[in-house]
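A.B. asks: Requesting a structural model of the entry that follows:
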Amino acid sequence: MEGKESRKVCDQCDAADAVVHLTQIVNNEMKTSHLCEKCAAVKGVEGVEEPMNVPLTGFLAQLTDAPGVEDPAEAMGPCTFCGLTFANFREVGRLGCPHCYTTYESYLRGLLRRVHGSTQHVGKVYLPPDSAASEVEKQVEVLRHKLQRAVDAEDFERAAGIRDKIRGMEPAGS
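C.D. replies: I've put the predicted structure just below:
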């Protein structure tokens, strides 16, 4: 190994370096595509352009300074569920409830596109831990506590039996 990062080549054109790594899950099957900027744009994958490097609070404060952009604080009323106004959101940087997303959707889409470069998340997929493995780990932990109590009570025969159970449950090489 040379210590260099391995570069992926575009799956579509096999020429340019892949800069977009798209993972899709369809019918419980994961498919990963590595695309160059040009092929990603042709396929309509958003997020190729660089996102703005501006803090959110500063961006929200400057939102109405853009020429030709109507001030959403004046245009929209408060959220009908929690009462949060867009001016409050801009000041705090946090929405008040799930209904705010619907109330301010048109402005949030533009905001997300300007801040993140896209309104669609393309990233890692959460895989829950293997429940069977965690059950074994829990049982081993209980046995370790029992082992410690047996050693403290100087019941070495019982401790040896518990130790053997633990060794039988742990994967080889641990």
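
A.B. asks: This protein: strands as residue ranges?
C.D. replies: With strands called from DSSP state E, the chain shows them at 20-26, 29-35.

A.B. asks: Of these, which is nearest Asn88?
C.D. replies: Nearest of the strands of the chain to Asn88, taken as C-beta to C-beta: strand 20-26 at 36.1 Å. For the C-beta atoms, the positions are set from N, CA and C on the backbone; glycine is no exception.

A.B. asks: Quick one: list the elements packing against the closest one.
C.D. replies: Using 3 or more C-beta pairs under 8 Å, 6 or more residues apart in numbering; DSSP states H and E, the elements in contact with strand 20-26 are strand 29-35, helix 37-43.

A.B. asks: Comparing these, which stretch has the densest surroundings?
C.D. replies: Highest mean neighbour count among the helices and strands packed on strand 20-26 (mean count of other C-beta atoms under 10 Å): helix 37-43, with a mean of 16.

A.B. asks: re earlier: among the helices and strands packed on strand 20-26, which is nearest Cys13?
C.D. replies: Across the helices and strands packed on strand 20-26, closest to Cys13 is helix 37-43 (C-beta to C-beta), at 5.6 Å.

A.B. asks: what's the closest one in contact with?
C.D. replies: Residues external to helix 37-43 that are found in contact with it (C-beta atoms under 8 Å, 6 or more residues apart in numbering): 10, 12-13, 16, 19-20, 22, 35, 48.

A.B. asks: Let me see the domain layout of the protein.
C.D. replies: 7-45, 56-116, 131-169 (automatic domain parsing).

A.B. asks: ok so, going back, tell me which of the strands of the chain lies nearest to Ala153.
C.D. replies: Relative to Ala153, the nearest member of the strands of the chain by C-beta to C-beta is strand 29-35, separated by 50.8 Å.

A.B. asks: Tell me the buried residues in stretch 160-169?
C.D. replies: Residues 162-163, 166 are the ones in stretch 160-169 that count as buried (16 or more other C-beta atoms under 10 Å).

A.B. asks: ok, and the most crowded of the contacts of helix 37-43?
C.D. replies: Within these, most neighbours by other C-beta atoms under 10 Å means Leu35, with 23 neighbours.

A.B. asks: so it sits right up against Asp11, yeah?
C.D. replies: Yes - counting by C-beta atoms under 8 Å, Leu35 does reach Asp11; the two are 6.4 Å apart.
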